[in-house]
Structure formats: C-alpha cells, structure tokens
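Q: sequence plus the predicted model coming up.
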Amino acid sequence: MNNLTTREMLLALREFDTPSITNVVATYPDNPLCLGLYNPWTQNWYTDQTLSCWYPELGAITGYAVTAVYGLPDPSFNRLSFMDVIDVMDASPKPTIFAFEQQFPPEFAGKVGLSGGNMTSAMKAVGCIGAISNGPSRDKDEIRPMGFQYVTSGVTPGHGTTAIHAVNVPVHIAGMDVAPGDIIHMDENGAVKFPADKLEAVLTNVRRLRDEEAARMGALKTAGSAAEVRAIFAGKSYGKEKSEV
C-alpha cells in the first residue's frame with residue numbers, strides 16, 4: 001500500500017472507530033471490503049457489552065497485544081511477576097496494549113482494582129499505550145493525565161494479594177480471544193483483534209469503506225423518499241434492500 005511503515009499504519013488506524021474496523025475484519029462477510037477473517041458469530045474476535053472505556057476523549061488506539069493471566073496467589077507457583085510483563089512489553093514491537101485476563105473467584109472478581117498508577121507508569125515507560133481486562137482496575141483520576149487508555153469491566157478502589165499465573169499466553173477477555181502479538185483496536189465501543197499480518201489489508205479496506213460510506217451518506221442527505229433510499233442502498237452488501245443497515 002503505499003510506503004507506510006508499520007508504525008504509520010497503526011497510527012492511521014486510529015482515525016477510525018472500532019465498529020468500522022470490525023466491518024472490514026469480519027462483520028459483513030458478503031461485502032468485498034470485508035476480509036472475512038472470522039465467522040462473525042461463532043468466533044471470539046471482539047468484546048461484549050460488559051466493558052467500558054475510561055477515557056473516550058482519547059479516541060481509538062491500536063497496538064500489539066501483550067497478555068497475562070492474573071489470579072489469587074498459588075503457593076505451588078510463584079515464578080512470575082509484573083517485571084516479566086514489563087520485559088515482554090520492552091521486547092515487543094511498539095506500541096503495545098496490555099490484555100490481562102482476571103481469573104478470580106466470583107466473590108472477589110468485582111473487587112479487584114488490579115492495575116493502578118504505578119503499573120500504568122511502568123507500562124507506559126516501555127511503550128504500552130493502553131490496557132484491556134475482563135475485570136476492574138483503579139486510580140482513574142491519577143491515570144487520566146497520562147494519556148493511557150483503559151477498557152475494563154469497571155473501577156474499584158482496592159484489592160488483596162494477586163499473582164501472575166502466565167505471561168504472553170492466549171487469553172479470553174469479555175468475549176474476545178487474544179493471542180500475543182495480535183493487533184488490538186479499541187475505543188469507547190469496545191475492542192476488536194486481528195492478526196498482525198493483516199494490518200495493511202485492514203487499513204486499505206477501512207479507508208475504502210470510509211470513502212464508500214461517505215458517498216452513501218452524502219446521497220442520503222438529499223433523499224426524500226423510501227424509494228430513493230432503496231435505490232441508494234441497492235447492490236450494497238452493507239445495506240441490502242431488506243437487510244439490516
């Protein structure tokens with residue numbers, strides 16, 4: 001595509017909202033601009049409604065997934081620490097997004113304010129720009145001026161002793177399966193993942209989709225009847241005559 005570097009392509013994807021990215025990744029398999037990377041219903045490639053974005057004003061971010069699994073301490077396994085996460089982030093292509101799965105008992109799961117200001121400062125120092133988790137975190141006011149995005153299940157002020165059970169393994173977060181090195185795109189709508197080798201194709205197609213939809217929206221502004229609206233959508237697989245728009 002052009003002569004854009006990988007970093008420039010990642011930055012360019014921040015011009016688009018996450019639903020636009022899902023549209024070209026897998027949402028509309030009959031559309032020629034859709035890459036059809038996943039069966040849209042049966043595969044876990046985007047997040048569900050249980051997460052919320054802390055700082056919508058930051059807009060969309062995109063980065064390489066670094067992953068970890070957290071849970072309660074296990075006396076038989078204490079080999080890993082947050083410094084192992086930092087080492088992986090430092091070695092990863094940049095920028096990174098920390099995707100951490102929380103595996104806590106139900107009675108604790110809603111009360112684990114896991115990542116706060118100190119963890120965020122450390123992650124930012126090694127090129128991480130955001131984090132996503134199926135559980136809560138904390139220090140929302142402290143983190144706000146850092147320009148670091150969080151998408152989590154909520155916010156809570158405290159936690160007990162936690163432990164890292166695995167680093168850079170496949171994780172499941174709010175309906176989305178993420179492997180280390182996947183590209184994550186996230187904003188106030190949630191998150192989507194796709195393989196890093198599809199980055200250029202996703203950017204190319206989402207740009208074309210933007211142009212196509214801009215032309216359609218322009219035409220709709222002058223439409224004055226249902227017949228005209230039908231004519232505008234005729235032949236478009238993002239809005240077939242009797243399908244959902």
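A: That came through, no problem. Numbering: from 1, shown residues only.

Q: nearest residue to residue 50 other than its sequence neighbours?
A: Nearest non-adjacent residue to residue 50, counting by C-beta to C-beta, 6 or more residues apart in numbering: residue 174, 5.0 Å away. For the C-beta atoms, the positions are set from N, CA and C on the backbone; glycine is no exception.

Q: just give the number of residues close to that neighbour.
A: Around residue 174 there are 21 other residues, counting by other C-beta atoms under 10 Å.

Q: longest helix anywhere in the protein?
A: helix 199-221 (DSSP state H).

Q: ok, residue 139 touching residue 131?
A: No: when contacts are counted by C-beta atoms under 8 Å, residue 139 is not listed as touching residue 131 (11.9 Å).

Q: what do those two both touch?
A: Contact criterion C-beta atoms under 8 Å, 6 or more residues apart in numbering; residues shared by residue 139 and residue 131: residue 120.

Q: for these two, indicate the residue with more neighbours.
A: Set side by side, residue 139 and residue 131 show more neighbours around residue 131, with 25 against 18, by other C-beta under 10 Å.

Q: tell me which helix or strand the closest residue to that one other than its chain neighbours sits in.
A: Setting aside the residues directly before and after it, residue 131 is nearest to residue 98 in space (C-beta to C-beta, 6+ apart), at 4.1 Å. Using DSSP states H and E, residue 98 sits within strand 96-103.

Q: may I see the buried residues of that strand?
A: Buried residues in strand 96-103, counted by 16 or more other C-beta atoms under 10 Å: 96, 97, 98, 99, 100, 101, 102.

Q: in its sheet, what does that strand sit against?
A: Taking DSSP bridges as the criterion, strand 96-103 sits next to strand 61-71 (parallel), strand 128-133 (parallel) in its sheet.

Q: and those: which comes nearest residue 163?
A: Closest of the strands paired with strand 96-103 to residue 163 is strand 61-71, at 6.2 Å (criterion: C-beta to C-beta).

Q: that closest one versus helix 199-221: what angle between them?
A: Put simply, strand 61-71 runs at 120 degrees to helix 199-221, going by axes from the mean of the first three to the mean of the last three C-alpha atoms, to 10 degrees.

Q: the worst-scoring helix or strand of the chain on mean pLDDT to helix 199-221, inter-axis angle?
A: Here the helix or strand of the chain ranked lowest by mean pLDDT, DSSP states H and E is helix 226-233, holding a mean of 75. If you take the same axes, to 10 degrees, helix 226-233 sits at 160 degrees to helix 199-221.

Q: neighbours of residue 201, how many?
A: For residue 201, the neighbour count with other C-beta under 10 Å is 16.

Q: for the chain, give me the ranges with low pLDDT.
A: 1-2, 214-219, 232, 235-245 (pLDDT under 70).

Q: thinking again about what came up before, got the strands paired with strand 96-103 as CSV, with distance to residue 206 columns?
A: What follows is the strands paired with strand 96-103, written out as CSV (distance: least, C-beta to C-beta, whole Å):
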stretch, distance to residue 206
strand 61-71, 11
strand 128-133, 19
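
Q: ok, and what's touching the strand holding residue 98?
A: Residues from elsewhere that reach strand 96-103 (C-beta under 8 Å, 6+ apart): 61-71, 85, 89, 109, 112, 114-115, 123, 126-135, 165, 171-173, 178, 184, 186.
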